[in-house]
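Undergrad: Take a look and give me a structure for this.
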Amino acid sequence: MRIGIGADHRGYKVKEKIIKYLKKKNIEVIDYGTNSINSTDDYNDYAYLVCKGVLNNEVDRGILVCGTGIGMSIAANKMKGIMCAKIDNCSEARLCVEHNHANVIAIGESKPFIDIKDMLDVYLKSKPIEDEKYYRRIDKIRDLEKKNIYK
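TA: Okay, the predicted model is just below:
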């Protein structure tokens with residue numbers, strides 16, 4: 001499995017810890033930045049790079065880290081084909097994949113790293129549930145991407 005990861009300046013330190021953790025587990029990681037704690041960046045740029053990597057099949061799944069995970073998840077979900085979940089616990093890490101087929105997660109940098117590791121383990125081992133009701137619901141979400149409310 002190849003994982004793409006990106007963070008803004010607030011998520012940089014956690015991103016670096018995640019990369020080390022995943023590499024110890026022999027998981028290939030592509031780092032899409034940022035590369036510093038200086039606040040000269042915008043989280044949107046890193047959400048875009050990671051999501052583009054997912055959509056172009058450079059990576060299988062994505063991980064985004066910022067102050068809360070909220071901004072990253074909002075930016076990521078603007079990209080057609082991305083299903084990003086802002087997660088706060090292991091149950092959400094599992095369900096976002098099983099029920100919603102999330103291909104990207106967003107995490108806030110203030111969580112204890114032990115909790116982040118647990119969430120990552122669950123996210124990476126979870127598989128989408130092959131069930132008609134989940135496919136029906138996901139198809140409805142994808143239909144929303146096609147609608148233009150300004151018509």
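Undergrad: Could you give the secondary structure assignment for the residue nearest to residue 9 when sequence neighbours are not counted?
TA: Leaving aside its sequence neighbours, residue 9 sits nearest to residue 39 (Cβ to Cβ, 6 or more residues apart in numbering; 4.7 Å). Glycine gets a C-beta too; all of them are placed from N, C-alpha and C. Following DSSP: H, G, I helix; E, B strand; the rest coil, the label given to residue 39 is coil.
Undergrad: neighbours of residue 39, just the number please.
TA: The criterion is other Cβ atoms under 10 Å. On that basis, residue 39 has 10 neighbouring residues.
Undergrad: sec struct for residue 49, please.
TA: helix.
Undergrad: got a pLDDT number for the residue nearest to residue 9?
TA: At residue 39, the predicted lDDT confidence score is 79.
Undergrad: my read: it touches residue 11, true?
TA: No: Residue 39 is beyond contact range of residue 11, at 11.6 Å (criterion: Cβ atoms under 8 Å).
Undergrad: Need the phi and psi values for the nearest residue to residue 54 once chain neighbours are set aside.
TA: Leaving aside its sequence neighbours, residue 54 sits nearest to residue 62 (Cβ to Cβ, 6+ apart; 4.9 Å). When read as degrees, to the nearest 10, the backbone of residue 62 gives phi -120, psi 150.
Undergrad: since we're on residue 62, how many residues are nearby?
TA: Residue 62, neighbours per other Cβ under 10 Å, totals 29.
Undergrad: so what's it bridging to?
TA: Note on residue 62: beta-bridge partners by DSSP bridges are residue 4, residue 104.
Undergrad: so how far is residue 102 from it?
TA: Shown here: residue 62 relative to residue 102, a distance of 9 Å by Cβ to Cβ, to the nearest Å.
Undergrad: any shared contact partners between the two?
TA: Residues touching both residue 62 and residue 102 (Cβ atoms under 8 Å, 6 or more residues apart in numbering) are residue 84.
Undergrad: Alright, that wraps it up for me.
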